[in-house]
Each structure stands twice: as C-alpha cells, then as structure tokens.
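1. here is a sequence together with a model predicted from it:
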Amino acid sequence: MQKQTHCQDLVLIGGGHSHLVLLQQWAKQPLPGVRLTLVSPQVQSPYSPMVPGLIAGHYSHSDIHIDLPRLCRAAGARFIHACAHNVDPLENRVSLLGRPDLAFDFLSLAVGASPCHDIPGSELAVPVKPIGQFYRYWEQLKQQVQRKHQPLKLGVIGGGAGGSELAMAIASALEEPIYSGRVELHLVQSGKKIPADFPLLARRLAARELSRLKVQAHTNWRVTEITSRGIYSDEGRFIALDKVLLCTESSAPPWLAQSGLAIDQRGFVQVDDYLRSISHPHIFAAGDVAGISSPQPKSSQVAQQQGPTLFHNVRAALQDTPLKAYRSRPRLLQRLSCGGQQAITAYRGLAAVSALFWHAKDRADRHFVDQVNHLPLSRFVRGSQACAQIVSEDNALGDGALGVDLFEQALAKLVQPEPKKASEENTINSARSIALNTATSALELPDDKLLVQHAEQLSAPVQDPWLFGRLAAQHSLSHLFAAQAEPFSAQALVTLPTQLPNASPALASRDLQLILDGAARELNQYDCALTGGQLLEGPVAQIGLTLNGSGDRGSVAAQNGVCAGDCLILTKPLGNGALFAAQAQGKAHARWLQQALDTMLQSNLTAANIFVRNGVRSMTSVHRAGLLGQILEMLHWHPQPLDGVVKPAEVSTLGISVLTDALPFLTGATYCAEHAVLSYLHQHNARSYKAVQNPGFWQEKPHLPMLVDPQICGGLLGAVPAEHAEQCISALHAAGWRHAAVIGFADTLTEKTDAYAQTISQPIYLASGDDWKKLAAHRATVAL
C-alpha cells in the first residue's frame, strides 16, 4: 500500500486567463494528493479577445464564454461560486462574501483588474470591466438607441487597444444612427497615440478606420473630471457627453492593500520571476493582478502566456521541486479588430488591414474557447482514479473515534440558537405514531400536540461543501413546512469520501466545517439548532439529517385530504434531477445550473403559509419520487416493488388530471429529457407510469419524463379548493414564486367504459392545455 504523508488544498481565486490555461493542463496531468478548487464570482468567464466581436454583434453570449463549472469538472477540480474579498497569508484563509472562509495550503490569484477610478466623477461612468455587467448595460443602451430615436453623445475614455476596439465595435453596431448624425461617438486618449503600443503604420490604419466609422478621436486629451454633462480636460477643454464608458488603465482590487501581501505602487501583487509573491512564496499571482516587471502592458495575451509557467510552478511548489522563471515573449504579432469583420495586423513595423486577418483571429479565438469548453470528461475520471489509488493508513479517519472528534470540533465552532426545550406536558407517554409520508412521521402528544420527525439522506449534487450543506437543510426543512410543523432541532450524519485527498483528516475537517456551516445557516433562520451528529466514511459525500418539529394536531396536514374539484398547485419548476445528471456527463450549461440552484435555495416556508391561508387540504414536498410519485402518495396509491403495478393502499375514488402544458420546467430540463439525459433514479420512479390512464400520450410529449424526475429542494404541491386557486396563485407570484401554476385538478374516477377501458381505473390522466377550468368542465361532461 502506497504511503501519502500529506494532502494539500490548492485554491485558485478568479477565472482569469492564466487559470483557464492551468485548469486545461491540470485536466491532462492531475497531481495525486492535491485537491484543486476554483473560486469565482462568475460561472462563465468571457474570453477577452472576443469581446469586441460580441459588442459588434458577430458573436453570441455563449460563443465567447467559458463554462467554469464544466472546466473544473474536466480538471477534477471543485468549483465554488463566490466572491473573494480578502486573503490572510499567515492563517492561509480566503475571505468570501456571505459565507465562511476557505482554507488553503497554496493559493493562486488571477482575479483580473478593473478600469482605474481615480478620475473625479468616475462613479458617473460605466466601467468596461467586469465584462458581464458591461454587456448587460450595452444591450439596454443599444435597445434604447434603436427604440427612442433620440440624440445621444457617447464617449469612450481610454485609447489603448481595448478602448480602440470597443469604440469601433460600438460604431459598427450603431452604424445607422451614427452615420445619420443622431449618435455621436468620441474616443478620448490622454497620450498622443491611438492605439498606444502599436507601430506607426498600424496607428495610421487605425486612424483611417476610426474616421471611416465616424468615431471622433481625441489625442493629448487628459480627462480631469467626469460630470453628468460631459468631461473636462486638464487644459479646461470640454466635450458634451450623455454616457461615458471607462476603458482606462487597469487598477488592482482594493482589498489587496489590506491583505498583507507585498504590493507595488499601483496596488498589484509583487511577484518574482516565478510568479510567486515576494512576501509569501506559497501564494502565486498571474495576469492583470500580478505586478511583474515587463515592458508589455497588461493584456489577456500576456495572462494566457503566463498560464503554462504558472501551471509548472504551482505543481513544482506542491512537490517541492525546482521552479522555472517566466520570460515574457516579444509581441512580434499584434492584432486589432476594426468593428466589422476586418482586422489590422502588425508585424515588425509592417501593418495591413483585411478581412482575412479577422477570420484568422476568429478561428484562433473560437478554437481556444471550444477546446477549453469541451475537454473530455474521461480525463477527469482518470485523474480521480489516480487520486483514489493513494490510500494511507496515516491519513484515514480510523475506526470512528477521530470522526467523532472532528464532528465535535466542527459543531463547537457553529453560531446557533439555543435548542428549544420541550415542555413537560409534551413528554412522550405511550405516544401513537402517525405516518405523514415515507420519511416523515408524527408522534401524538398530550393536548393535541404532535412531534413531527423527518429523516433523509442526500448525496452531494454539487462540489461546494458549504452549498451542499445549505441544500441538504432546505431539502429536509421543506418536509416539515409541508406538514405545517415548526422545526426546533436537527442531527446530522455526514459521510465524506474515502479517497484521498478528501479523506485526509486535515482536508476532511475543512469540508466537515463547511458542510455544517452551510446546514446551520439555513436551520438558524428558523431557530432550529443542530444539536449533534457524527462523521462517517463512504464512497461519496452525503449528509443525513433528522429534523424534529412541533405542531398542533389540527393544523398538521396529513396527506389524505384531497377532494374532488380541488386544484393542484406546484410552486417550483421541475427538472433539477436531470440537470445534475447532465452536469455529471458534461452536458449542462453553467447558467442552467445556476438558475436551478437559485430556485432550490428558495425556502418553501412562505409558500406553505400561503397554501394554509388559502385552505389547503393536502400538501407535500416534491422530492425523490418526482411529481407523479408525490401525486400518488397524496392519493395513497403506491407502486409495488415486485411487479411494478400501481395499487391503492386503501379504497380511493379520486383521480388527478395533470395539465401537461401548464407544468413549469427549469431552463435546460426539456433539453435533457429530449436527449435522454436523466437521473439514475428515473428508472425507479418510472413505475409511476403504470398509474397513467392514457400512456400513449407520452409519445406526443417528449419532455414529460420530467414528471418522474427526482427533485432536490423541490417545490410544494398543494391541493387547494378551486374557489381559492386564483387567489393562491396571485399570492405566490407576489411572494416570489413566479413559476407557481395550477398543474392539475382532482376529479372522481369514472367506471364508464370508453377508449381507455383497460386502464380507466388508474388515477392519473394526462391532458393537453393549461386551462384547468375548461378541462375540468370537459372531464365532468365525459364522466356524465
């Protein structure tokens, strides 16, 4: 058995170009015993050389963006969607906004930079970076220009390559209003060269292109103040402008000055020839944030060139082997996009403008983005297997005693409410158990009180342990909210993977602390204390939560109150099970997953209260069984495990008509269904198909497998009297449940023989349309 004396956390802050290259190369050469984590406030990283083409309209948003979660998965790295706002190089911790600190052994910074804001009034201008925010602003501005037909004076401050390309891209996108004179576009440069750092012939060609596009270029024009009316120069000159875009020299993130890292006069991290901090050699920096001595200006090209050196040196530092110095390459070839599909290329003082140059640049840019976005996941699997083969007796969690110690230490660090004490009259004496559903039950107490308990175990759908803890807590809390019970205590069984590096005590304790912090954050909102638990080992990360809640017998909603004529209302869209399956296969877009996570973290408590105010008769949380499974549970129909036949647990005369066109789906969910990208639980849940009266309907609706898609933190499903349905939907929409919809209604099962005579006794009928009133009336007529 191979020994591994220690395992380490390598944390990358920022999705800069240097880190993209590092992750790309790490996917090919993973380092056993090292856990790699990327922290970024964006789930998609724009490829800077393609931004002018995006503004000009040559590219779509997805064309120029790199999917960071997918890249991390290919590289065997964890992705954490968060914003770093400080670094403690002594304690080896990164401070993240709105969440606990992240520990590291080695750190790399590639957080980029933003335009300098040292001009008075710069808060009135719109910075070009972050590009995502600027692009949203640009789309709104473009629509405003095209819709309102009002005069507009627009200025770009900064005449470097970036500012020049931006001005020409804007001119190309607004060609008609600029040529008609309705829009004025100004490019302002403090020096005498536009663009700076280009040879003379290239600058002359750029001046010609700017003139052709009607861009008014101003050189030797140092902006000293920005006002709501325009800009002033140091010589007292004035240009009237309605909108000002800031594309000036880069400035460092302000928090670096408080980090304790050595920084240069401009606030960037001072690094040596190996891209290491000169004050803390276990911290690296590359790209715009690195204060490196080089005649080249900061650019995406330089950051990309630093990537291979950063990759080598980080690996060398982790293995304590020699590093190699970064040597900047001379910029022999320079390119400048000219708005339309034209580009200037300069080489050794020579320059020309041509569409051929633009297409050559386009091919190179698209190739890089496509290559990074489509790294084969097989490399990730090989990397994971390589790490899994290293098993160490020294690093194992042992026979359980160490796991108990780690759990107690992590629990002691949590800030929690005091556990609520049960009153004496609520002591359980010969209590009778009431089953609310498979995983939730209630114990009868004196004075019509109930102790409601829910137990469930959840495997990690995400790589972020803190987010996993939050999701697990919300998933379990939803069951108590559906039972109209107030949670007051919880216990957790946390399972962490047995493979290294995750199984080493040092890294396991970090993960455990983050998982419990995430769970406690959600539980604390409802004064629910996490009172204990234990740490276990297993093949994958899991958390099992047992929640205790209290409620009045008269208010706890047992799942047996559906009446004919009731409307079924679903509060959240379906499909997150399929999306996580797509993520595992590398087929999910980052924006799909982010929208799903935002929905999943929405607490169901408010929705439950709205249901109660509108006379809900039965309420449940949509979870692993999928929507059809929850409907059958409400009707007390259960699939038999041996023959797959759906049978009622007790005599029932109710059926549910599901309005398939009213069903809400998460973005990307129908794509997954149509391409057979489904959760591993889908086949198990498919037993519920046996309950459908008209199974042939499935062939006409390829997205309907989402009806049995297992959900994590799914919505509530409530049976509400028809007279309250519209009021309930309006209240849900007003409270933020914008996807809430009437997705079905209850009616009496008919004994009449018709086209569905062989299956008419089954309780679920799939119907087209989304008008439940019209369909209910039609079904009532058929029943007669």
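-> Done, it's in.

2. for H85, grab phi and psi.
-> phi -130, psi 10 (degrees, to the nearest 10).

3. give me the domain ranges for the chain.
-> What automatic domain parsing lists as the domains of the chain is 8-113+252-328+355-385, 122-249, 401-552, 567-783.

4. tell me which stretches of the stretch 351-500 of the chain form strands.
-> Here the stretch 351-500 of the chain has its strands, by DSSP state E, counting those that start in this stretch, at 433-435, 440-445, 449-459, 486-497.

5. how about the stretch 601-750 of the chain?
-> Under the criterion DSSP E, counting those that start in this stretch, the stretch 601-750 of the chain carries strands at the ranges 618-621, 637-639, 646-648, 654-659, 716-720, 741-748.

6. of all the domains of the chain, which lies closest to R348?
-> domain 122-249 (8.4 Å; CB to CB). C-beta here means a position set from N, CA and C on the backbone, and glycine is covered the same way.

7. just to revisit the earlier point, most packed of the strands of the stretch 351-500 of the chain?
-> strand 486-497 (a mean of 22; mean count of other CB atoms under 10 Å).

8. return the very next helix or strand once past that strand as CSV; C-alpha atoms alone will do.
-> Going down the chain from strand 486-497, the next helix or strand is helix 505-524, by DSSP states H and E. The C-alpha coordinates for helix 505-524 follow below in CSV (Å, rounded to 0.1, in the frame of the first residue of the first chain):
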residue,chain,number,x,y,z
PRO,A,505,-8.0,14.4,8.4
ALA,A,506,-6.9,18.0,7.7
LEU,A,507,-8.9,18.3,4.5
ALA,A,508,-11.9,16.3,5.9
SER,A,509,-12.1,18.6,8.8
ARG,A,510,-12.2,21.6,6.4
ASP,A,511,-15.0,20.0,4.4
LEU,A,512,-17.0,19.0,7.5
GLN,A,513,-16.8,22.5,8.9
LEU,A,514,-18.1,24.0,5.6
ILE,A,515,-20.9,21.4,5.3
LEU,A,516,-22.1,22.1,8.9
ASP,A,517,-21.8,25.8,8.4
GLY,A,518,-24.0,25.6,5.4
ALA,A,519,-26.6,23.5,7.1
ALA,A,520,-26.6,25.7,10.2
ARG,A,521,-27.1,28.8,8.1
GLU,A,522,-30.4,27.5,6.8
LEU,A,523,-31.5,25.9,10.1
ASN,A,524,-30.7,29.0,12.1
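
9. now the angle from helix 505-524 to strand 486-497?
-> Interaxial angle, helix 505-524 versus strand 486-497 (axes from the mean of the first three to the mean of the last three CA atoms, to 10 degrees): 160 degrees.

10. buried set for helix 505-524?
-> 505, 507-524 (16 or more other CB atoms under 10 Å).

11. and if you look at stretch 671-679?
-> Buried, per 16+ other CB under 10 Å, within stretch 671-679: 671-673, 677-679.

12. show me what contacts the residue lying closest to M50 once chain neighbours are set aside?
-> Of all residues not flanking M50 in the chain, I64 sits nearest, at 3.9 Å (CB to CB, 6 or more residues apart in numbering). Contact partners of I64, counting by CB atoms under 8 Å, 6 or more residues apart in numbering, are 46-47, 50-51, 53-54, 365, 369.

13. which of those residues fall within strands?
-> Taking DSSP state E as the definition of strands, those contribute P46.

14. comparing the strands of the stretch 601-750 of the chain by mean pLDDT, which bottoms out?
-> Per-stretch mean pLDDT for the strands of the stretch 601-750 of the chain is lowest at strand 646-648 (a mean of 53).

15. part of a strand, is E225?
-> Yes: residue state for E225 (DSSP: H, G, I helix; E, B strand; the rest coil) corresponds to a strand.

16. that one pairs with what?
-> E225 has these beta-bridge partners by DSSP bridges: Y232.

17. and for it, the neighbour number?
-> Using other CB atoms under 10 Å, E225 has 15 other residues around it.

18. over to L717?
-> Counted with other CB under 10 Å, the neighbours of L717 add up to 25.

19. tell me the contacts of it?
-> 568-571, 619-622, 627, 630-631, 634.

20. now the residues you listed in JSON lines, please, with extra columns for neighbour count.
-> Listed next are the contacts of L717 as JSON lines, based on neighbours: other CB atoms under 10 Å:
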{"residue": "L568", "neighbour count": "27"}
{"residue": "I569", "neighbour count": "29"}
{"residue": "L570", "neighbour count": "25"}
{"residue": "T571", "neighbour count": "30"}
{"residue": "M619", "neighbour count": "25"}
{"residue": "T620", "neighbour count": "25"}
{"residue": "S621", "neighbour count": "28"}
{"residue": "V622", "neighbour count": "27"}
{"residue": "L627", "neighbour count": "26"}
{"residue": "Q630", "neighbour count": "25"}
{"residue": "I631", "neighbour count": "28"}
{"residue": "M634", "neighbour count": "26"}
